[in-house]
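In: Give me a model of this one.
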Amino acid sequence: MIKNTQQQYGLISKVIHWLVALVVFTMFGVGLWMVELDYYSTWYKDAPHYHKSVGILLTVVIIFRLVWRWFNVKPEPLKSHSRFERIAAHIAHIIIYVLLFAIFISGYLISTADGRGISVFNWFEVPSLGQFVENQEDLAGEIHELLAFGLIGLVAIHALAALKHHFFDKDSTLKRMF
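Out: Numbers count the residues shown, from 1 in each chain. Below you'll find the model as predicted:
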């Protein structure tokens, strides 16, 4: 089944979910590695290019995911989930999306502070809006890093909650996303 039902997530939702999870964790790891590169590293110019390119494409995927969610049925919460669990899950998902977009925006502000656009795999360019504040790239860089750590922390809690449902509650929460 391609689309979601009241009981199950559809193929598109599942693929996007796991693709985004893989890309977010990979981008986090690459980001940590990338900031340690020095000028003489062979990856000094290439790593940021790939990081920015994947970041722009991830932004597009997340926008598509939100549109897909808007026009698609959302599976009903399981009856075994408490009111607290339903509210916490809803708030966590909202915060995850807010963090993702804040990371995208801060990454854009880092990359375009010098007036140059972002080349996405040399396929197309996202234009720069220029510098808005002094030391924009440094300020946005600090924010980008803090938000990324916050996102990874929240996603880890999200994953632990899914594992709790699977192994302790023995419900189908995790199975519905596989």
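In: Please report how far the residue of the chain most remote from its centre lies from P48.
Out: In the chain, Y40 marks the outermost C-alpha relative to the chain mean, sitting 30.3 Å out by C-alpha atoms, centre = their mean. In this view, Y40 and P48 are 15 Å apart by C-beta to C-beta, to the nearest Å. Placement of C-beta: from N, CA and C, glycine included.
In: Equivalent analysis for K175, please.
Out: From K175 to P48 the distance is 39 Å (C-beta to C-beta).
In: neighbour count winner among those two?
Out: Set side by side, K175 and P48 show more neighbours around P48, with 18 against 11, by other C-beta atoms under 10 Å.
In: Next, the contact list for that one, please.
Out: By C-beta atoms under 8 Å, 6 or more residues apart in numbering, the contact list for P48 reads 34, 111.
In: burial measure for the spatially closest residue to L174 that is not a sequence neighbour, as a count.
Out: Closest residue to L174 apart from its sequence neighbours, by C-beta to C-beta, 6 or more residues apart in numbering: H166 at 4.1 Å. Using other C-beta under 10 Å, H166 has 15 other residues around it.
In: Kindly state the pLDDT recorded for H166?
Out: If you check H166, the pLDDT there is 96.
In: That one: which element?
Out: Under the criterion of DSSP states H and E, H166 resides in helix 136-167.
In: And that helix, what does it pack against?
Out: Helices and strands touching helix 136-167, by 3 or more C-beta pairs under 8 Å, 6 or more residues apart in numbering; DSSP states H and E, are helix 11-34, helix 83-112.
In: Run through who's touching the shortest one.
Out: Spelled out, that is helix 11-34. Contacts for helix 11-34 (C-beta under 8 Å, 6+ apart): 1-4, 9, 43, 47-48, 50-51, 54-55, 58, 61-62, 64-65, 68-69, 72, 100, 145, 148, 151-152, 155, 177-178.
In: relative orientation of it and helix 83-112 in degrees?
Out: 50 degrees (axes from the mean of the first three to the mean of the last three C-alpha atoms, to 10 degrees).
In: Show me how far helix 11-34 is from its chain's centre.
Out: 7 Å (C-alpha atoms, centre = their mean, to the nearest Å).
In: what's the answer for stretch 96-115, then?
Out: Counting by C-alpha atoms, centre = their mean, stretch 96-115 comes out at 12 Å from the chain centroid.
In: got it, and stretch 159-167?
Out: For stretch 159-167, the distance to the chain centre is 20 Å (C-alpha atoms, centre = their mean).
In: Just the buried positions in it, please.
Out: 161-162, 165 (16 or more other C-beta atoms under 10 Å).
In: same check, this time on stretch 114-134
Out: 118, 120, 126, 128.
In: Ok, stretch 42-52 next?
Out: 47-49, 51-52.
In: In contact with the residue nearest to L174: list those residues for me.
Out: Here H166 is in contact with 173-175 (C-beta under 8 Å, 6+ apart).
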